[in-house]
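> Predicted model and sequence below, questions to follow.
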Amino acid sequence: MEKTMQNYETLFMLDVTLGEEAVRALVDKFTALIAENGEITETNEWGKRKLAYEIDYKSEGYYVLINFKSGAEFPSELERVFNITEGVMRSIVLKKAA
């Protein structure tokens, strides 16, 4: 049976106090994870932005938006990895309308 690929987008925000190398490593880690389990259609790095309100006493975050196609089981695994990874301040994975 052929897997049906669905469109998703994820936006995640990383802690900039980790340093540029650590932030780059995390972006590469998540990009590679998504590419292994699906197909990336667009990556948009918004970069360092000031937050509207502080999160854990931090006022800046590094934002990355990735649009991708994958099977229906992968987004929950991606959310799990976001939740257990040190340095991820916020993340969301959304299914896009067809």
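Alright, I've got the coordinates. These figures come from a predicted structure and were not determined experimentally.
> pull the CA atoms of the helix or strand where Ser76 lies into CSV?
Secondary structure assigned from DSSP states H and E places Ser76 in helix 74-84. Only the C-alpha atoms of helix 74-84 are listed here, as CSV (Å, rounded to 0.1, in the frame of the first residue of the first chain):
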residue,chain,number,x,y,z
PHE,A,74,5.4,11.7,11.5
PRO,A,75,4.1,15.0,12.9
SER,A,76,3.4,13.5,16.3
GLU,A,77,7.0,12.1,16.4
LEU,A,78,8.3,15.5,15.4
GLU,A,79,6.4,17.2,18.2
ARG,A,80,7.8,14.6,20.7
VAL,A,81,11.4,15.4,19.5
PHE,A,82,10.7,19.1,19.9
ASN,A,83,9.5,18.6,23.4
ILE,A,84,12.5,16.6,24.6
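> Can you work out which other helices and strands pack against the helix or strand following that helix?
Downstream of helix 74-84, the first helix or strand assigned by DSSP H and E is strand 88-95. If contacts are counted by 3 or more C-beta pairs under 8 Å, 6 or more residues apart in numbering; DSSP states H and E, strand 88-95 sits against strand 6-15, strand 58-70, helix 74-84. All C-beta spots, glycine's among them, are computed from the backbone N, C-alpha and C.
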